[in-house]
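K.L.:
Sequence plus the predicted model coming up.
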Amino acid sequence: MTMHTTSLDVAEDATACAFFQVGLALGVLREDASREWAYARIEARDTPAIEIIEIATARDRNAALEALQAVTAHADWQAAGRWLLEELLAQFQSGQRSALDTSRAAMQVARATQLPEDVYYAFDGLDDELVLLANGIYGTVAGIDAALVDALKQHAGSVG
């Protein structure tokens with residue numbers, strides 16, 4: 001009897017799946033983003049893992065979230081969180097998201113991916129400043145936008 005082996009790169013795929021799972025759950029990523037990633041993984045491998053095939057063939061959002069969750073056991077959640085903050089930075093800078101929506105999504109990402117508390121509170125503070133700005137009490141749009149970009153750049157991407 002032969003043992004079934006999988007080409008699942010546990011750490012790399014698990015972290016990518018955590019990125020897609022949280023991103024999809026929080027509305028940071030498009031619904032088809034994980035499917036596109038999974039199809040690329042399948043094409044790149046001689047023997048793709050069944051877990052990746054299940055992500056590629058997920059029928060809807062719930063099925064995609066379930067398939068992604070099944071692969072996240074060995075994920076580096078903080079890396080996934082930093083990648084999501086990088087995505088939020090790109091969306092904010094391209095005008096796809098408002099500052100308020102970006103700061104709130106960043107707080108959710110920080111919580112969901114277990115980033116250090118100071119990351120959460122950096123965005124929570126900006127969220128408070130945005131509320132004060134909206135009420136004409138404190139700050140300028142340009143100042144808060146710049147602070148938001150700085151915070152996203154500081155906490156996004158790789159550690160280092």
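P.N.:
Nice, thanks for sending it over. Numbering: from 1, shown residues only.

K.L.:
Geometric centre of the chain: which residue is closest?
P.N.:
Per Cα atoms, centre = their mean, the C-alpha nearest to the average position across the chain is that of Leu84, at 3.0 Å.

K.L.:
Identify the residue spatially nearest to that residue, adjacent ones excluded.
P.N.:
Val109 (4.6 Å; Cβ to Cβ, 6 or more residues apart in numbering). Yep, even glycine has a C-beta here, placed from its N, CA and C like the rest.

K.L.:
Dump the helix or strand of the chain with the lowest mean pLDDT to PDB, restricted to CA.
P.N.:
Using mean pLDDT, DSSP states H and E, helix 10-25 stands out as the lowest-scoring helix or strand of the chain, at a mean of 89. Below are the C-alpha coordinates for helix 10-25, written out as PDB (Å, rounded to 0.1, in the frame of the first residue of the first chain):
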ATOM      1  CA  VAL A  10       2.400  23.700   4.800                       C
ATOM      2  CA  ALA A  11       3.700  27.000   6.200                       C
ATOM      3  CA  GLU A  12       3.500  29.000   2.900                       C
ATOM      4  CA  ASP A  13       0.100  27.800   1.900                       C
ATOM      5  CA  ALA A  14      -1.300  28.000   5.400                       C
ATOM      6  CA  THR A  15      -0.300  31.700   5.700                       C
ATOM      7  CA  ALA A  16      -1.600  32.500   2.300                       C
ATOM      8  CA  CYS A  17      -4.900  30.800   3.200                       C
ATOM      9  CA  ALA A  18      -5.100  32.800   6.400                       C
ATOM     10  CA  PHE A  19      -4.500  36.000   4.400                       C
ATOM     11  CA  PHE A  20      -7.400  35.000   2.000                       C
ATOM     12  CA  GLN A  21      -9.700  33.800   4.800                       C
ATOM     13  CA  VAL A  22      -9.500  36.900   6.900                       C
ATOM     14  CA  GLY A  23      -9.400  39.200   3.800                       C
ATOM     15  CA  LEU A  24     -12.500  37.600   2.400                       C
ATOM     16  CA  ALA A  25     -14.300  37.500   5.800                       C
END
